[in-house]
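K.L.:
no letters, just coordinates:
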């Protein structure tokens, strides 16, 4: 994925234990790496340069001087003050829980029972919480961990300004997530 003008990576990238190496060198627009990649070998030289991204439709969030862009599938960004999830997120989580717990199969649903876009979202959530692994459908609660403030900073010796991003499903997970534990 090196040199591809990436602005973001999939939220679940690195969740698999089999993935051990990720190289995203020379993607100047890329400023955030999913926290799942923290214990992987990551090549990110030349990433996070202070370049304006022309992706007007992408949501972004900031923490101090750092700004990270999110995938287009993310519809909302939650904060520590948001204690109630949006109705669509609550409905999708309930449906997902019901169908996985009792029916074990989402193929039971037909395109007639749900609009196609919601049916696809139910089958393929935008990611899983980096704290508790619950699926997330429309909203994420992000938390930034600048690479320069982690024990891995010495490995990159200032050649990158990216941050690790933890994507959480709730304020509770956001408040209890710790990258280094």
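P.N.:
Ah, there it is. On a predicted model such as this, the values are computed, not experimentally measured, just so you know. Residues are numbered from 1 along each chain as shown.
K.L.:
tell me the helix or strand right after the longest helix belonging to the chain.
P.N.:
Looking across the chain with DSSP state H, the single longest helix is helix 87-98. Following helix 87-98 in sequence order, the next helix or strand is helix 116-123 (DSSP states H and E).
K.L.:
can you give me the buried ones in that next one?
P.N.:
By neighbour count on 16 or more other Cβ atoms under 10 Å, the buried set for helix 116-123 is 118-119, 121-122. No exception for glycine: its C-beta is placed from N, CA and C like everyone else's.
K.L.:
with stretch 16-28 instead?
P.N.:
Under 16+ other Cβ under 10 Å, the buried positions of stretch 16-28 are 22, 24-28.
K.L.:
ok, now which ones touch the nearest residue to residue 77 once chain neighbours are set aside?
P.N.:
Of all residues not flanking residue 77 in the chain, residue 61 sits nearest, at 5.3 Å (Cβ to Cβ, 6 or more residues apart in numbering). Going by Cβ atoms under 8 Å, 6 or more residues apart in numbering, residue 61 touches 67-68, 70, 77, 142, 144.
K.L.:
before we move on, the earlier item: and the longest helix of the chain, what does it pack onto?
P.N.:
In terms of contacts (3 or more Cβ pairs under 8 Å, 6 or more residues apart in numbering; DSSP states H and E), helix 87-98 is packed against helix 116-123, strand 135-136.
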